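**Student:** When you get a sec, could you give me coordinates for this:
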Amino acid sequence: MSVPRAAPPGTIRRIHHRRLLVLGGLLALLASAVTLSLAFGAKPIPPADVWHALTGPTGTENDIIVRSLRIPRTAIGVMAGIALGVAGALMQGHTRNPLADPGLLGVTQGAAFAMVLSIVVLGVGSPYGYIWFGLAGALVASAGVFALGMAGGRGGPTPVTLALAGTAVSAFLYGLTSALVLLDEQAMDTFRFWQLGSIAARGADVAWQVLPFIAVGLIVALAGAPGLNALSLGEDVARALGQNVAVTRATGIAAITLLSGASVAVCGALAFVGLIVPHLTRPLSGPDHRWLLPYSGLAGASALLLADVIGRVVAHPGELEVGVVLALAGAPFFIALVRRRRPVRL
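**Tutor:** Below you'll find the model as predicted:
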């Protein structure tokens, strides 16, 4: 019986060097997307004026537009894109389902139901208020899905039970949300705008609200990446390697909930980011989640910002919501993914 030989040190160095180059390229892409997001809008602003607004504002109209409107919008886009990209890679890794996205755990419908409930019952009317309810709803829904996935099983939930529980909880909450919005016109208007998905009309205070949740989610996700690598080899192999499968799964679900719950509560249901981005970055990173997660985060932020810029340009002087642009761009990719003869195996 032959024993496979380890890769030569030179090969390992070349792989590591290539991954660092890819990481640098994704950072450069994100920097370009941030620049475009600050420069384009209802009023295009030259790069020199953008730089002036960032480094030495003097109170001009362009300074106010950049600092008061576009910087918070861009910051929220970066945070939401990173969160959804990483959450999508985690979701596909833990469920071993190439078509999984963060909404599979009931996060989206949990946030929607809690936000609508706060508007109908408590009269909350501002994003600053109902975002907290949306985040709480996302956390409760995902916890319920996790609890249902554990019922009747040993060693924690399995990918199949998580998918089934998430589908059931999402359908139930969607029905309750639909009933509530029919009873309240304000809730209907807010839910319609939220359902489209947008990063507009969100101030710096909202960005500071969700930053701690996203930061903690990213730390938990990156810390659990080695365990997810072992889990991708199969639960029996992971146990043989000393991994606690239940803890690894619970840690991953917690990270997914924090990341996707915070972004969904702020930006609404942004379709396809968590689904598409991991498939675009996986050929660059390989199966190693220690690289796939940061790649997916950077690519998700770039994709979200570029979609937002496209929405501002094509409908000038108005704009298309970023959720609409993502749906128009993501649907063809999703169809191509489904029709592949050899789908990605996770």
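**Student:** what about stretch 86-98, distance to the chain center?
**Tutor:** Put simply, stretch 86-98 sits 11 Å off its chain's centre (C-alpha atoms, centre = their mean, to the nearest Å).
**Student:** For the chain, give me the ranges with low pLDDT.
**Tutor:** Counting by pLDDT under 70, the chain has low-confidence residues at 1-10, 125, 127, 152-157, 337-338, 340-346.
**Student:** In it, which helix is the longest?
**Tutor:** helix 9-39 (DSSP state H).
**Student:** Now do it: which elements does it pack against?
**Tutor:** Packed against helix 9-39, as judged by 3 or more C-beta pairs under 8 Å, 6 or more residues apart in numbering; DSSP states H and E, are the following elements: helix 47-55, helix 71-95, helix 273-285, helix 289-314. (Glycine included, C-beta is placed from N, CA and C.)
**Student:** got the angle for the last one vs helix 71-95?
**Tutor:** For the pair helix 289-314 and helix 71-95, the angle between their directions (axes from the mean of the first three to the mean of the last three C-alpha atoms, to 10 degrees) equals 140 degrees.
**Student:** What is helix 289-314 packed up against?
**Tutor:** Applying 3+ C-beta pairs under 8 Å, 6+ apart, we find helix 289-314 packed against helix 9-39, helix 71-95, helix 204-223, helix 225-231, helix 273-285, helix 322-338.
**Student:** buried set for the shortest one?
**Tutor:** The reference is to helix 225-231. 225, 227-231 (16 or more other C-beta atoms under 10 Å).
**Student:** Return the member of those nearest to Leu183.
**Tutor:** Relative to Leu183, the closest of the buried residues of helix 225-231 is Leu228; by C-beta to C-beta it sits at 42.6 Å.
**Student:** Now do stretch 319-331: everything it contacts.
**Tutor:** 41-42, 77, 195-200, 267-273, 275-276, 303-304, 307-308, 310-312, 314 (C-beta atoms under 8 Å, 6 or more residues apart in numbering).
**Student:** Distance from the chain centre to it, please.
**Tutor:** Distance of stretch 319-331 from the chain centroid (C-alpha atoms, centre = their mean) equals 15 Å.
**Student:** just stretch 48-55 next, same as before
**Tutor:** Offset of stretch 48-55 from its chain centre (C-alpha atoms, centre = their mean): 30 Å.
**Student:** outside of that stretch, which residues touch it?
**Tutor:** Contacts of stretch 48-55 (C-beta under 8 Å, 6+ apart): 35, 38-39, 45, 58, 60, 62-63, 65-67.
**Student:** go again using 10 Å as the cut-off
**Tutor:** By C-beta atoms under 10 Å, 6 or more residues apart in numbering, the residues outside stretch 48-55 that reach it are 35, 38-39, 45-46, 58, 60-68, 70-71.
**Student:** Now restrict those residues to buried residues only.
**Tutor:** The neighbour-count test (16+ other C-beta under 10 Å) marks 35, 38-39, 45, 62-63, 65-67, 70-71 as buried among the contacts of stretch 48-55.
**Student:** what's the farthest-apart pair in those residues?
**Tutor:** Thr35 and Asp63 (16.5 Å).
**Student:** how about the nearest residue to Leu211, chain neighbours excluded?
**Tutor:** Spatial nearest neighbour of Leu211, chain neighbours left out: Met79 (6.6 Å); criterion: C-beta to C-beta, 6 or more residues apart in numbering.
**Student:** which residues sit in contact with that neighbour?
**Tutor:** 199, 207, 210-211, 213-215, 218, 259, 262-263, 266-267, 297, 301, 304.
**Student:** How about stretch 171-181, which residues are buried there?
**Tutor:** Applying 16+ other C-beta under 10 Å to stretch 171-181 flags 173, 177, 180-181 as buried.
**Student:** same question, stretch 244-261
**Tutor:** By 16+ other C-beta under 10 Å, the buried positions in stretch 244-261 come out as 245, 248-261.
**Student:** Over to stretch 269-287?
**Tutor:** So stretch 269-287, judged by 16+ other C-beta under 10 Å, has buried residues 269-279, 281-282, 284-285.
**Student:** Can you tell me which of the residues you listed comes closest to Val145?
**Tutor:** Of all the buried residues of stretch 269-287, Val145 sits closest to Gly274, with 15.8 Å by C-beta to C-beta.
**Student:** State the distance from that closest one to Leu173.
**Tutor:** Distance of Gly274 to Leu173, computed by C-beta to C-beta, to the nearest Å: 18 Å.
**Student:** With Ala223 instead?
**Tutor:** Ala223 is 30 Å from Leu173, by C-beta to C-beta.
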